[in-house]
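[1] Sequence unavailable; structure follows:
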């Protein structure tokens, strides 16, 4: 049997159940293989009992159920989607191309299964539901999911928040006055949207982009540290709010043209204008 | 001695938002796990995920710095050009006709459609969209469905459907497209009038900041405020998978735009291939955006008498640019010779745009003006009424 034949037969008929036995066997085998692959990947680190496995027929049925919007030709357009992949210049044999697309759909089928049925099918084995005190993968050490949904400003304290914004401007002015020229150059360049890798910025600052990049990071860290230190007795959330407002104020101050600019400021502003043009 | 802050106070987020975020993140993390080792399985050999802002943590955590590796994690956009060869030996024409249904026409509001894979070559899933509203003449408003079962943000609506691929509509990812741009798609289901109305309601909330009706409050996702939130990467991916479709739709729009008028076109092709570097300006833009949920669009009806319009950020690179789109809405469409003014500039406290002209198309005068301002800043300026439009002569 030609290896594309089962897919072709399935494509021409309504569902795998109406296809020949050979076709059904081939499709079920495909589904079972992909199901196992993704199941293993999705449950890595957990021990899945034998009962968690499903028959190859069920794997295929889940695939079809996921694809079908309704039991009509229209509702089964995902089939047309799969076979149109053959006609858009992809590499590989027709079987490879259709299987690759179907495999990606199967990935979603398994994700849905693990998310909604996994805990029932693998009691005691599935990973417990996510906790908001967990850290997102690949994130900074002490960031938690809960940090993603920070508390909001209390609207009854609007006047106090305005006061905080004013305080941030004062802090920003003070911080900027204490920075060295190179620090001011990197901050201004970035506030003006000029990349630190721009050769003109390197010339103005008289150092390489890697040094400038480090300078920027260090300056930002130092500013943040300073705020946390100066307001050490205040609530953390308040300090974070202030720090954000200080950064906004620095941005606003640095991106506004000056009346009596330093030479480096003039050069950066004219560079920004050139880039904009 | 430690300095003092004003007596500010914060309100905790409701529990349902936390629960929904946890559910969404669980699906997202599972998806990341399942994606591992998928080399060779993705339909596109050039799959890529632009990352906007997700690499910069913005002082959200006590004692932590937010500046880790700005540039290092930025994924540059890669070309999505198709592999040149070898060409597939597909079943012959007759066999293909049995396997593939013809595309369904006409396109109309109230349809659920599946886009042809040719329009979504970088997608790793079939992309279903809802056509949920009329837009300008010959254009409709569409939004794709999310691959997940839980709404990610306030711009995602839980449809109440049980079909896995139609559970959540990404209203935040809505776009107006010419009907013709959807002709290479299959009609798969109806989108009932009540569903269109609901999607439109969420769209108005998301785009124009209209209050969300109480019954919708728990049918959408939790707010997106933190620059390191994984949902930003998800949004980048979702925007990117419509890039080719959008480029094709944009080109049709531009063509229509140019057809009736020889004036210089003011629209710009999407800068999908442009490389960018992150920087402090973006950090600050994100700082601004982290204050509260940022609308995707804002109405700007009062900016120029006779014109209505909206402003929106560059979805591919929000810190980088904003766009203001205006259309004339007089009681009757003016003749080309009657339009006031001939040219305009957009002015804000620290800058202004170059003069720009209007073009006449589909019975209206239109202008699309690109502002070199990060979207959060544009929002702030619009809210503070610090942006204005001034007529200027055009040479």
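    All right, it came through fine. Just so we're clear, the structure is a prediction, and the values are computed from it rather than from any experiment. Numbering: from 1, shown residues only, chains lettered A, B, ... in the order given.

[2] how about the helices in chain A?
    With helices called from DSSP state H, chain A shows them at A:5-12, A:21-42, A:56-67, A:77-84, A:94-116, A:118-121, A:158-177, A:181-191, A:199-205, A:209-230, A:236-254, A:263-276.

[3] Need the residues that contact the second one.
    Outside helix A:21-42, the residues within contact range by Cβ atoms under 8 Å, 6 or more residues apart in numbering or on different chains are A:1, A:5-7, A:9-10, A:16-17, A:19, A:48, A:52-57, A:59-60, A:62-63, A:99, A:102-103, A:106-107, A:109-111, A:113-114, A:118, B:30, B:33-34, B:36-37. C-beta: built from backbone N, CA, C; applies to glycine.

[4] Buried by neighbour count: which residues of the top helix by length along chain B qualify?
    Counting residues, the longest helix found in chain B (DSSP H) is helix B:15-35. Burial within helix B:15-35, assessed by neighbour count using 16 or more other Cβ atoms under 10 Å in any protein chain shown, is assigned to B:17-18, B:20-31, B:33-35.

[5] out of these, who's near chain A?
    Among those, proximity to chain A is found for B:17-18, B:21-23, B:25-27, B:29-31, B:33-35 (Cβ under 8 Å from any Cβ of the partner chain).

[6] re the thing from before, is it possible to mark the buried ones in the contacts of helix A:21-42?
    Buried members of those, counted by 16+ other Cβ under 10 Å: A:6-7, A:9-10, A:16, A:19, A:48, A:52, A:54, A:56-57, A:59-60, A:62-63, A:99, A:102-103, A:106-107, A:109-111, A:113-114, A:118, B:30, B:33-34.

[7] Would you confirm that residue B:369 belongs to a helix?
    No. Counting by DSSP: H, G, I helix; E, B strand; the rest coil, one finds residue B:369 to be strand, located in no helix.

[8] right, and it touches residue B:356 too?
    Yes. Judged on Cβ atoms under 8 Å, residue B:369 makes contact with residue B:356 at a distance of 5.2 Å.

[9] Can you name the residue of the stretch 101-250 of chain B nearest to chain A?
    The minimum distance from the stretch 101-250 of chain B to chain A, using Cβ to the nearest Cβ, falls at residue B:186 (3.9 Å).

[10] Not counting its neighbours along the chain, what's nearest that residue?
    Once flanking residues are discounted, residue B:186 sits nearest to residue A:77: 3.9 Å by Cβ to Cβ, 6 or more residues apart in numbering or on different chains.

[11] Might one say that the one you found is in contact with residue A:68?
    No. Residue A:77 lies out of contact with residue A:68 (Cβ under 8 Å); the separation is 9.4 Å.

[12] neighbour count winner among the two?
    Counted by other Cβ atoms under 10 Å in any protein chain shown, residue A:77 and residue A:68 do not tie: residue A:77 has more neighbours, with 28 against 19.

[13] What's the per-residue pLDDT of that one here?
    The confidence metric pLDDT takes the value 92 at residue A:77.

[14] before we move on, what about the one 3 residues further on?
    As summarised for this prediction, residue A:80 has a pLDDT of 93.

[15] The one 4 residues further on now?
    Residue-level confidence at residue A:84 comes out at 92, pLDDT.

[16] ok, it - contacts?
    Residue A:84 makes contacts with B:100, B:116, B:117, B:118, as judged by Cβ under 8 Å, 6+ apart.

[17] Contact partners for the last one?
    Pointing back at residue B:118 there. A:84, A:87, A:88, B:184.

[18] run the last query once more with 6 Å
    Counting by Cβ atoms under 6 Å, 6 or more residues apart in numbering or on different chains, residue B:118 makes contact with residue A:88.

[19] now swap in the first one and tell me
    Contact partners of residue B:100, counting by Cβ under 6 Å, 6+ apart, are A:80, A:83, A:84.

[20] what about the closest residue to chain B within chain A, neighbour count?
    In chain A, the residue that lies nearest chain B is residue A:190 (2.8 Å; Cβ to the nearest Cβ). Residue A:190: 27 surrounding residues under other Cβ under 10 Å.

[21] what's the answer for residue A:177, then?
    By the criterion of other Cβ under 10 Å, residue A:177 has 8 neighbours.

[22] Roughly how far does it sit from residue A:263?
    18 Å (Cβ to Cβ, to the nearest Å).

[23] Residue B:112 now?
    Applying Cβ to Cβ, the value for residue B:112 to residue A:263 is 61 Å.

[24] Show me how the record splits chain B into domains.
    Listed domain ranges for chain B are B:14-74+B:101-259, B:280-392 (source: automatic domain parsing).

[25] can I get those in CSV with mean pLDDT?
    Listed next are the domains of chain B as CSV, based on pLDDT from 0 to 100:
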stretch, mean pLDDT
domain B:14-74+B:101-259, 80
domain B:280-392, 69
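
[26] any chance of these in a markdown table, plus distance to residue A:257?
    Below are the domains of chain B laid out as a markdown table (distance: least, Cβ to Cβ, whole Å):
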| stretch | distance to residue A:257 |
| --- | --- |
| domain B:14-74+B:101-259 | 26 |
| domain B:280-392 | 7 |
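
[27] now for those, which one comes closest to residue A:249?
    Closest to residue A:249 of those, according to Cβ to Cβ: domain B:280-392, at 9.5 Å.

[28] burial of the residue nearest to residue B:147 when sequence neighbours are not counted, as a residue count?
    Among residues not flanking residue B:147 along the chain, residue B:125 sits closest, at 5.7 Å (Cβ to Cβ, 6+ apart). Using other Cβ under 10 Å, residue B:125 has 18 other residues around it.

[29] Using just helix, strand and coil, how would you label residue B:125?
    Relying on three-state DSSP, one would call residue B:125 coil.

[30] Show me where chain A dips below the pLDDT cut-off.
    Across chain A, the stretches falling below the confidence threshold (pLDDT under 70) are A:1, A:47-52, A:119-120, A:122-129, A:137-142.

[31] care to break it down by domain?
    A:5-121, A:157-276.

[32] how about those in a markdown table, adding distance to residue B:10?
    As requested, those are exported to a markdown table (distance: least, Cβ to Cβ, whole Å):
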| stretch | distance to residue B:10 |
| --- | --- |
| domain A:5-121 | 32 |
| domain A:157-276 | 6 |
